Each structure stands twice: as structure tokens, then as C-alpha cells.
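Trainee: The following block contains a protein sequence and its predicted model.
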Amino acid sequence: MRNALTKAIAAALFLACALPALAVTGQPPIPSNGPGLVDGTWLNGLAGGLNNAYQYGFTAAGTNQSTALQLPSGFNLMELDTVAASTGVALPPCLQGTSLSIYNNGASTVTVYPSIANNPITAGQDTINNATSVTIATHVVNYFACAKNGVWSSK
């Protein structure tokens, strides 16, 4: 009986300490005047893989790779809110270990191109599924992963 009670108390204490760090997701607090202390709970979530940078409000542009909207690096999830017919976006450079998701919340199908500039590692043009572009239908999310420099995989 005593052994079971000890195990129950240990489990309760573990959960009480672990759950607050797992519950927080989102972006870090923005310091108002220069460098500031990072919120410890947010940092624990980041270390646990729960916090990912995201950005929304992108407007697709252009009708080909050179005129498409160049998406920034460093975001795990991007939402395209304004997509007109025949417009597109360009992925950031494909560097090993990079992954991101793009959600098309626009009114039209969007064309996704590799980065407009050549890859800084390979000095060549990136590809997506060994092609020059993919499309994302409205209200659909596509996942992009880069296991080898210059070669995006899309699903």
C-alpha cells in the first residue's frame, strides 16, 4: 500500500511540473525596449519542439518564378491570405534540415516556385519534387522538406 501511494504521489508531482511547459505554444514575447528576458515557459516549449514561428497575411504575386512573391526564411508555417488567379510565391533557399508548411487561404490556386535566387550552397537553382513548381489548391496545406541542399520535397 505504501509503495503504491509513493508511486502515485511521484506521478502527480511529475505531471504537475511537466504540463505547464507543454501547454504554451506560439511566438515569443516581443521586448518593448531592446533586449529583454525571454519568457521561461515559452523557452521550455521551444526546447520541447512545441513553439514554431509562423506568419500570415501574405499576398501571392507575379505570374512566373522571377516575379513571384519571395517568402522569407525562418518560418515553419506561412498562410497565403490573398491569392489571385495565376499568381505565385517562391520558397526560401532549400538548406538541409529546413521544413515548412504553406496554407493557401486565398480564393485561387497558387503556384509555388523554388527560391528566385540560386541556392547559396549548391550555386544552382533549387527544385521541388525534381520539377520547377507545384500548385496548392484553395484551403489546402502543403508540407515542404529539404533533406538535401537544393532539393525540396513537397506533399
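Mentor: Nice, thanks for sending it over. Since the structure is predicted, the reported quantities are computational estimates derived from the model, not experimental observations. Residues are numbered from 1 along each chain as shown.

Trainee: Low-confidence regions, this structure specifically.
Mentor: In the prediction, the chain carries residues with pLDDT under 70 at positions 1-51.

Trainee: If we use 80, what do you get?
Mentor: The model of the chain has pLDDT under 80 over residues 1-52.

Trainee: got a list of contacts for the strand of greatest length in it?
Mentor: Counting residues, the longest strand in the chain under DSSP state E turns out to be strand 140-148. Residues from elsewhere that reach strand 140-148 (Cβ atoms under 8 Å, 6 or more residues apart in numbering): 91, 94-104, 112, 128, 134, 136, 152-155. From N, CA and C alone the C-beta is placed, and that goes for glycine too.

Trainee: give me that answer again for 10 Å
Mentor: Residues outside strand 140-148 that contact it (Cβ atoms under 10 Å, 6 or more residues apart in numbering) are 77-79, 91-105, 109-110, 112, 119, 122, 126, 128-129, 134-136, 151-155.

Trainee: so what does the next helix or strand after it touch, helix or strand wise?
Mentor: Going down the chain from strand 140-148, the next helix or strand is strand 151-154, by DSSP states H and E. With contacts defined as 3 or more Cβ pairs under 10 Å, 6 or more residues apart in numbering; DSSP states H and E, strand 151-154 has these neighbours: strand 98-104, strand 127-128, strand 134-136, strand 140-148.
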